[in-house]
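Participant: What follows is a predicted protein model with its sequence.
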Amino acid sequence: MNDKIKEVLERTPFEPELKDEILKSGRLKKAKTGQTVITPDDEAQEMPLVMSGLLRVMRNDDNGNEVFLYYLEGGETCAMSITCCLEGKRSSFHVVAEEDSELWMMPVSNLDNWITKYRSFRRFVFNSYQTRFDELLQTIDSMVFMKLDERLYNYLLDKKIASGSFEIKKTHQQIANELNTSRVVVSRLLKKLEKEDKIEQRRNYIEIL
DNA sequence: ACATTAAGTGATT
DNA sequence: AATCACTTAATGT
């Protein structure tokens, strides 16, 4: 049953003892497409390591508005949940499986230990922060400086890169929710992109050209 | 064939 | 760019 995580660990620069600890202390969590994996109100003190699949991290406010922040891919961890759990602070974000995904959940209580004990783990965590931070900046840029049409196109490209597929199986409504705008606007902008031959679309389906 | 859900569009703010 | 109101198109039962 632990074959998958072993495979994933093979590709990490972690020390053998660390790999061992990860193997022993973690548990497997599977998530189907659309399923929420981590919510602000779940107090589970676990940090995830993405084994396979694709997840999206969303920010949400109290009024049920939500905005897409960035994607999490295989081999990555969610920096947010690490800090969040560490200080017991609850920040409002949640993680949704974009595709069927597998996660390795590890108790955060190990974090202190591992960080001091293992150089490779320290690097892993800092690295993850670096990456998330960069992606966040990108997203902020696109929200603050770009008009919605550019932002939408950016979103599509980002999704294409993250998933490695030209096809996006989402409704206009879903996209609108992720960008926190209305469906009508998304429909119009997608129509425009279609006329510019940047995309092709059918019901529930968008192809990036 | 009918009901439901997704997408397209003009007009208004 | 958002909202409304309505149409058209695609799908499920």
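Facilitator: Okay, I see it.

Participant: mind checking how far the residue of chain A most remote from its centre is from residue A:155?
Facilitator: Centroid-distance maximum for chain A: residue A:195 at 30.6 Å, with Cα atoms, centre = their mean. Distance, residue A:195 to residue A:155, using Cβ to Cβ, to the nearest Å: 18 Å. C-beta coordinates here come from the backbone N, C-alpha and C atoms, glycine included.

Participant: just checking, residue A:132 touches residue A:80?
Facilitator: Yes - the pair residue A:132 / residue A:80 is scored as a contact, 7.2 Å apart, by Cβ atoms under 8 Å.

Participant: Those two: who's more crowded?
Facilitator: Neighbours were counted for residue A:132 and for residue A:80 using other Cβ atoms under 10 Å; residue A:80 has more, 23 against 20.

Participant: mean confidence score for the helix or strand harbouring the more buried one?
Facilitator: Residue A:80 is part of helix A:79-87, with elements assigned from DSSP states H and E. Helix A:79-87 carries an average pLDDT of 71.

Participant: Same check on stretch A:17-37?
Facilitator: 89.

Participant: contact partners of that stretch?
Facilitator: The contact list for stretch A:17-37, computed with Cβ atoms under 8 Å, 6 or more residues apart in numbering, reads A:1-2, A:4-6, A:9, A:12, A:14, A:48-49, A:53, A:55, A:94-107, A:110, A:114, A:117-118, A:120-121.

Participant: Could you list which of those also contact DNA strand C?
Facilitator: Contacts with DNA strand C are made by none of the contacts of stretch A:17-37, judged by Cβ under 7 Å from any atom of the strand.

Participant: Pull out the buried residues from those.
Facilitator: For the contacts of stretch A:17-37, a burial check counting by 16 or more other Cβ atoms under 10 Å picks out A:5, A:9, A:14, A:48-49, A:53, A:55, A:94-99, A:101-106, A:110, A:114, A:118, A:121.

Participant: just checking, which of those belong to helices?
Facilitator: A:5, A:9, A:114, A:121 (DSSP state H).

Participant: Against residue A:23, how distant is the second one?
Facilitator: Okay, so that is residue A:9. Residue A:9 is 7 Å from residue A:23, where distance means Cβ to Cβ.

Participant: for DNA strand B, what are the nearby residues on chain A?
Facilitator: Residues of chain A lying near DNA strand B (Cβ under 7 Å from any atom of the strand): A:171-173, A:183-184, A:187-188, A:190-191, A:201, A:203-204.

Participant: of these, buried ones?
Facilitator: For these, buried by 16+ other Cβ under 10 Å: A:172, A:187, A:190, A:201.

Participant: Least confident secondary structure element in chain A?
Facilitator: For chain A, counting by mean pLDDT, DSSP states H and E, helix A:79-87 ranks last in confidence among helices and strands (a mean of 71).

Participant: Okay, now the unreliable bits of chain A?
Facilitator: Residue ranges of chain A with pLDDT under 70: A:1, A:43-44, A:84-91.

Participant: For it, which segments count as strands?
Facilitator: A:27-31, A:36-38, A:46-52, A:54-60, A:66-73, A:93-97, A:101-107, A:167-168, A:199-202, A:205-208 (DSSP state E).

Participant: Sheet-wise, list the partners of the fifth one with their directions.
Facilitator: Okay, so that is strand A:66-73. Its sheet considered, strand A:66-73 pairs with strand A:54-60 (antiparallel) by DSSP bridges.

Participant: Much appreciated, bye for now.
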